[in-house]
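A.B. asks: let me see the structure of the following:
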Amino acid sequence: MNAHDDPDTHYQSYMLRMWRKRDGAGQPVWCASLEEPGSHETASFADVRTMCAFLQSRLGLVPQGAPAPKEPLPERGGPDPS
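C.D. replies: Here you go, the predicted structure:
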């Protein structure tokens, strides 16, 4: 039995894409996008910290008392390679 076939398991999967670009100050920063394979919905993130907050929110791992991060709107298309 696969984990996603077990009704007691909450299964989530994402295709992760990462790329580096320069921020407004010219510093390199890692950006990311996550795509849900079934729906092809994509969420893009300006930095890894924001992506991790998104995943923590989706998994219910937001620490008590901490404000839940706002989830980015899904976008169409792939990562911005610039």
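A.B. asks: strands of the protein, start to end?
C.D. replies: Assigned by DSSP state E, the chain shows strands spanning 15-22, 28-35, 42-45.
A.B. asks: return the most buried member of the ones you listed.
C.D. replies: strand 42-45 (a mean of 20; mean count of other CB atoms under 10 Å). Placement of C-beta: from N, CA and C, glycine included.
A.B. asks: residues near the closest residue to residue 58 other than its chain neighbours, how many?
C.D. replies: Spatial nearest neighbour of residue 58, excluding adjacent residues (CB to CB, 6 or more residues apart in numbering): residue 12 at 6.6 Å. Using other CB atoms under 10 Å, the number of residues around residue 12 comes to 10.
A.B. asks: heads up, I number from 11, so please use that
C.D. replies: Sure, I'll start numbering at 11, so the last one becomes residue 22.
A.B. asks: wait, isn't residue 22 in contact with residue 70?
C.D. replies: No: counting by CB atoms under 8 Å, residue 22 does not reach residue 70; the two are 11.0 Å apart.
A.B. asks: where's the closest residue to residue 71 other than its chain neighbours relative to residue 51, distance?
C.D. replies: Nearest non-adjacent residue to residue 71, counting by CB to CB, 6+ apart: residue 65, 8.0 Å away. Separation of residue 65 from residue 51 (CB to CB, to the nearest Å): 14 Å.
A.B. asks: these two: who's more crowded?
C.D. replies: Neighbours were counted for residue 65 and for residue 51 using other CB under 10 Å; residue 65 has more, 17 against 14.
A.B. asks: pLDDT at that one, what is it?
C.D. replies: pLDDT, residue 65: 91.
A.B. asks: what about it, distance to residue 46?
C.D. replies: In this view, residue 65 and residue 46 are 12 Å apart by CB to CB.
A.B. asks: where does this structure dip in pLDDT?
C.D. replies: Applying pLDDT under 70 to the chain flags the ranges 11-18, 73-92.
A.B. asks: beta partners of the nearest residue to residue 58 once chain neighbours are set aside?
C.D. replies: Once flanking residues are discounted, residue 58 sits nearest to residue 40: 5.1 Å by CB to CB, 6+ apart. Beta-bridge partners recorded for residue 40 (DSSP bridges): residue 30.
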